[in-house]
Each structure stands twice: as structure tokens, then as C-alpha cells.
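> Return a 3D structure for these sequence lines:
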Amino acid sequence: MKTLFIDCGMGAAGDMLTAALLELIPDKESFINKLNNLGIPGVTITSEEATKCGINGTHVTVKIDGVEESEDMNEHHHDHEHHHEHSHHHSSMHDIEHIVHGLNVSEKVKLDIINVYGLIAEAESHAHGVPVTEIHFHEVGTMDAIADVASVCILIDYLSPDQIIASPVHVGSGSVKCAHGILPVPAPATAYILKDVPIYGGEINSELCTPTGAALLKYFATSFGNMPVMKISAIGYGMGKKDFIRANLVRVMLGETEDSGDEVLVLSCNLDDMTAEAVGFAEEQLFEAGALEVFTVPAQMKKSRPGTLLTVICNEKNKETMIRLLFKHTSTLGVRESINKRYTLKRSIETVSTEFGEIHKKVSAGYGVTKEKYEYEDLSRIAKENSLSIEDVLKSINK
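A predicted model of the protein is given here:
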């Protein structure tokens with residue numbers, strides 16, 4: 001199983017997670033160019049090599065209109081989460097959503113970004129006793145913070161691990177200055193986000209885990225705990241700005257863990273007053289939002305009415321999103337939930353050269369078996385271009 005392990009021994013922040021994940025990308029510069037073309041107003045992202053306690057890694061810098069946050073602008077020592085002195089704009093959740101919907105990314109990534117901000121908004125709402133609709137992001141609503149969140153969401157989507165495991169989170173100690181004044185570490189919003197997550201303090205008198213870092217971990221991590229037994233294929237080090245007695249960095253490891261089952265959620269609802277087209281549209285929205293599987297089964301409803309059983313399989317982290325989409329895009333008044341154990345084969349995509357050009361083949365392996373299947377889209381394209389049946393294409397490829 002493709003596994004991403006995040007070592008949070010020195011906390012986590014948006015820019016540090018971005019830098020660490022960038023080190024897992026084969027062509028880092030091309031990916032940075034992609035990030036710079038997202039469409040975030042005035043934002044420029046650069047990376048450079050950095051060394052902490054003799055360890056080499058990457059440091060990411062985000063500039064707004066050519067200006068980087070300095071220490072006096074940014075009281076959180078290693079994240080780009082505070083507003084500039086030259087920009088006193090405080091973004092609302094509506095402002096964030098407006099910016100995100102205009103980004104040059106997939107609908108899934110847009111939803112990931114908005115959901116991460118949703119966690120922060122909920123935490124700020126709880127900490128300050130105001131409705132989410134009235135929350136104004138002082139530190140995490142500026143363009144550089146949006147760049148951090150978007151970058152991590154895009155990198156996770158690109159790497160597409162089957163599971164993400166994060167270590168217990170070192171939050172630091174002492175106090176931190178922010179827009180609301182001097183607050184204890186972890187800051188109230190950070191502490192709220194990290195509910196049910198294993199955290200600890202220590203000898204470092206500083207804020208190590210920022211609200212953005214906490215929200216990204218809470219949203220993407222499928223579990224928190226020790227590093228599993230895994231064969232590591234790539235390691236990334238994302239550096240912070242400040243120097244401490246310990247290396248100020250986030251370390252990520254990408255690799256393979258042994259075949260094992262995982263838990264998935266099964267959400268279902270019965271529908272008897274929707275058209276086939278409307279049900280199909282709902283299925284598309286669920287898939288785009290990250291559903292593992294969506295399917296329908298004919299069902300006999302009350303009063304002998306023919307209906308449809310709509311079922312969604314998803315990970316725990318996507319549960320709330322899926323439930324919201326089911327209520328938004330279907331006529332159901334209730335959604336049922338069950339937890340299932342799932343066993344899967346490890347999947348990879350190979351490129352195969354044929355007389356028709358290069359095509360893609362999905363290879364699935366594990367539990368003593370290997371299965372191969374050519375991608376339907378490639379077979380369909382070749383069949384249309386050569387006036388052949390898909391069966392004829394397969395025969396030619398397998399000769």
C-alpha cells in the first residue's frame with residue numbers, strides 16, 4: 001500500500017509541509033511553475049536549499065507582490081499565516097471560497113482547500129464565540145496562506161497515497177502573538193483543530209504547530225501514530241525559518257507498507273422521486289469530491305414504488321463532505337452509515353509501447369496475485385481512430 005508518513009516532531013506549518021512534499025516530486029521546478037500559475041493574485045512561490053543542524057532540505061518562500069513576510073510581520077515563526085502591515089484585508093469564508101473557485105485546479109482540489117479552511121473556520125468560531133459566517137481570518141486568510149493550503153492540497157493529490165499516517169504532533173510551549181493578542185501555545189484555534197489528535201509540548205519555547213498546519217494534518221491524515229513498517233522510496237525535508245536546538249523541519253517519507261486491510265465508510269440512501277439524469281449528476285459530484293466508489297441498485301420502496309438505492313464508499317476524512325453532497329444533490333431525507341473492512345491490491349499505471357503508440361495499463365498486485373488491464377479510454381480512442389472493435393485492438397496489442 002502506498003503510504004505517506006509525516007514526522008511532526010517539530011510541529012507542522014503550511015510552508016514546511018509544502019517544502020517537504022516538494023522534495024518527493026521528481027521535477028520540483030516544473031511543479032513550482034505549476035503552483036505559480038494557480039491564479040492566486042500577486043503570489044510568487046520559490047524554493048531554495050536550506051540546512052538545519054547539518055540536514056539538507058528545502059525552504060519555500062511565498063511573496064505577495066514581491067514582498068516576503070518578515071519576522072515582525074509574522075509572529076508565527078515558520079508559517080505564512082499573518083497579514084502584511086501593508087495589507088489589512090481580513091478575509092471571510094466567502095472571500096476564501098471566491099478565490100478558490102477561480103484557481104486553476106481540479107474540482108476535487110478546490111473542495112479539499114475549502115474543507116481545510118472549513119476546519120479553521122469552525123475552530124475560530126468556537127474559540128471566539130461567533131458564527132462561522134461571521135469569521136474573518138486575520139492570520140490565515142491572506143494570499144500567502146491560501147498559497148500554502150493550495151500547494152499542500154495539490155501535492156497530496158499528485159502523490160495520491162493510499163494512506164497518510166502522521167506522528168503525534170509537537171505543538172511547542174510558551175505563548176504566541178497574533179491578531180487577537182498574546183495567546184498560550186497551542187493557540188485556542190490550533191488546540192480545537194487538534195482535538196482527538198495525539199499532541200505534546202516540550203522544551204521548545206515557541207509555537208511549532210500553526211492553525212494551517214494543524215488543519216492540513218487533521219484533514220489529510222488517515223491515522224496518527226508511530227511510523228509503520230515500510231519500504232521507503234523517497235524522503236523530503238521541509239525547513240522552517242527559525243533555528244532551535246533541534247532541527248526545525250517537517251520530514252515526510254513515501255513508501256510501501258505490507259498488504260493490509262483498511263476501514264471504509266459505506267453511506268447509502270433510498271431515492272424514489274429523482275430522474276435518472278439527476279441521480280447520474282449526483283454520482284458525478286460524489287466522485288469528483290473523492291468518493292472511492294458510487295453505485296446504484298434498483299429497489300422496491302414503500303407502497304410498491306420502484307426506486308433506487310444509492311451507495312457511496314469513502315474514507316472517514318471525506319464523510320462529512322459526502323453527506324453534505326448527498327443531501328444537496330439528492331432528494332433523500334436521511335443517510336445511513338456503516339463501517340466496512342476493505343482489502344485492496346496495490347495499483348500502479350504502466351506505459352506500454354504498441355503499434356498504435358503508447359497506451360496505459362493498470363497493474364494490480366498483492367495477496368499472491370497480479371492482474372493487468374489496459375485503460376478503457378486508450379482502447380476506445382485507438383478503436384475509433386482505426387475503425388476497429390475494442391476486441392480487435394486487444395488482439396493486436398497482445399500478439
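
> for the stretch 1-150 of the chain, what spans make up the strands?
2-7, 43-52, 55-64, 67-68, 91-92, 136-137 (DSSP state E, counting those that start in this stretch).

> swap that for the stretch 201-350 of the chain, sorry
With strands called from DSSP E, counting those that start in this stretch, the stretch 201-350 of the chain shows them at 223-224, 230-239, 249-257, 262-271, 293-300, 306-314, 336-342, 346-354.

> Nearest to Val60 among those would be which one?
Among those, strand 230-239 comes nearest to Val60, with 7.2 Å by C-beta to C-beta. Just so you know, the C-beta spots here come from the backbone N, C-alpha and C atoms, and that holds for glycine as well.

> Which neighbouring elements make contact with the closest one?
The contact analysis (3 or more C-beta pairs under 8 Å, 6 or more residues apart in numbering; DSSP states H and E) places strand 230-239 against helix 14-22, strand 43-52, strand 55-64, strand 249-257.

> Could you list the low-confidence segments of the stretch 51-200 of the chain?
69-91, 127-142, 179-180 (pLDDT under 70).

> What lies in contact with the longest helix belonging to the chain?
For the chain, the longest helix by residue count, based on DSSP state H, is helix 107-128. With C-beta atoms under 8 Å, 6 or more residues apart in numbering as the test, helix 107-128 has contacts from 93, 96-97, 100-101, 103, 105, 131-132, 135, 137, 140, 146, 149-150, 153-154, 156-157, 180, 188-190, 192-193, 211-212, 215-216, 218-219, 288-290, 321.

> ok, Ala215 touching Leu194?
No. Between Ala215 and Leu194 no contact is recorded; they are 9.3 Å apart, counting by C-beta atoms under 8 Å.

> Packed most tightly, which of the helices and strands packed on strand 230-239 would that be?
helix 14-22 (a mean of 29; mean count of other C-beta atoms under 10 Å).

> Using CSV, write down the CA coordinates of it.
Written as CSV, here are the backbone C-alpha positions of helix 14-22 (Å, rounded to 0.1, in the frame of the first residue of the first chain):
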residue,chain,number,x,y,z
GLY,A,14,1.8,25.1,5.7
ASP,A,15,5.1,26.2,4.1
MET,A,16,7.1,23.5,5.8
LEU,A,17,4.7,20.8,4.6
THR,A,18,4.8,22.3,1.1
ALA,A,19,8.6,22.2,1.1
ALA,A,20,8.8,18.6,2.4
LEU,A,21,6.3,17.3,-0.1
LEU,A,22,8.0,19.1,-3.0
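
> tilt between that helix and strand 249-257?
Using axes from the mean of the first three to the mean of the last three C-alpha atoms, to 10 degrees, the direction of helix 14-22 lies 40 degrees away from that of strand 249-257.

> name the helices or strands packed onto helix 14-22?
helix 28-35, strand 55-64, helix 143-159, helix 211-220, strand 230-239, strand 249-257.

> What mean pLDDT does that helix get?
If you average the pLDDT over helix 14-22, you get 96.

> Distance to Glu122 for the helices and strands packed on helix 14-22 - can I get that in a markdown table?
Below are the helices and strands packed on helix 14-22 laid out as a markdown table (distance: least, C-beta to C-beta, whole Å):
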| stretch | distance to Glu122 |
| --- | --- |
| helix 28-35 | 27 |
| strand 55-64 | 25 |
| helix 143-159 | 15 |
| helix 211-220 | 10 |
| strand 230-239 | 26 |
| strand 249-257 | 24 |
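
> which one of those has the most crowded surroundings?
On a mean-neighbour basis (criterion: mean count of other C-beta under 10 Å), the most buried of the helices and strands packed on helix 14-22 is helix 211-220, at a mean of 27.

> Which neighbouring elements make contact with that one?
helix 14-22, helix 107-128, helix 143-159, helix 188-193.

> please redo it, this time with the cut-off set to 6 Å
Helix 211-220 sits against helix 107-128, helix 143-159, helix 188-193, with contacts defined as 3 or more C-beta pairs under 6 Å, 6 or more residues apart in numbering; DSSP states H and E.

> ok, back up a step: nearest to Asn248, out of the strands of the stretch 1-150 of the chain?
Proximity to Asn248 (C-beta to C-beta) singles out strand 43-52 among those, at 5.5 Å.

> what angle sits between that closest one and helix 28-35?
Per the same axes, to 10 degrees, the angle that strand 43-52 makes with helix 28-35 is 150 degrees.

> distance between strand 43-52 and the chain's centre?
Distance of strand 43-52 from the chain centroid (C-alpha atoms, centre = their mean, to the nearest Å) equals 21 Å.

> Just list the residues touching Phe220, thanks.
For Phe220, the contact set (C-beta atoms under 6 Å, 6 or more residues apart in numbering) comprises 156, 164.

> Quick check: the residue nearest the centre of the chain vs Ser206, distance?
Geometric centre of the chain, nearest residue: Cys153, 4.2 Å, by C-alpha atoms, centre = their mean. Using C-beta to C-beta, to the nearest Å, we find Cys153 at a distance of 26 Å from Ser206.

> returning to that earlier point: out of the strands of the stretch 201-350 of the chain, indicate the one that is most buried.
strand 249-257 (a mean of 21).

> So which other helices or strands are in contact with that strand?
In terms of contacts (3+ C-beta pairs under 6 Å, 6+ apart), strand 249-257 is packed against strand 2-7, helix 14-22, strand 230-239.

> neighbours of the residue lying closest to Tyr219 once chain neighbours are set aside, just the number please.
Among residues not flanking Tyr219 along the chain, Val116 sits closest, at 5.0 Å (C-beta to C-beta, 6 or more residues apart in numbering). Using other C-beta atoms under 10 Å, the number of residues around Val116 comes to 26.

> Could you dump the helices and strands packed on strand 249-257 into JSON lines with distance to Glu375 added?
Converted to JSON lines, those look like this (distance: least, C-beta to C-beta, whole Å):
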{"stretch": "strand 2-7", "distance to Glu375": "19"}
{"stretch": "helix 14-22", "distance to Glu375": "27"}
{"stretch": "strand 230-239", "distance to Glu375": "24"}
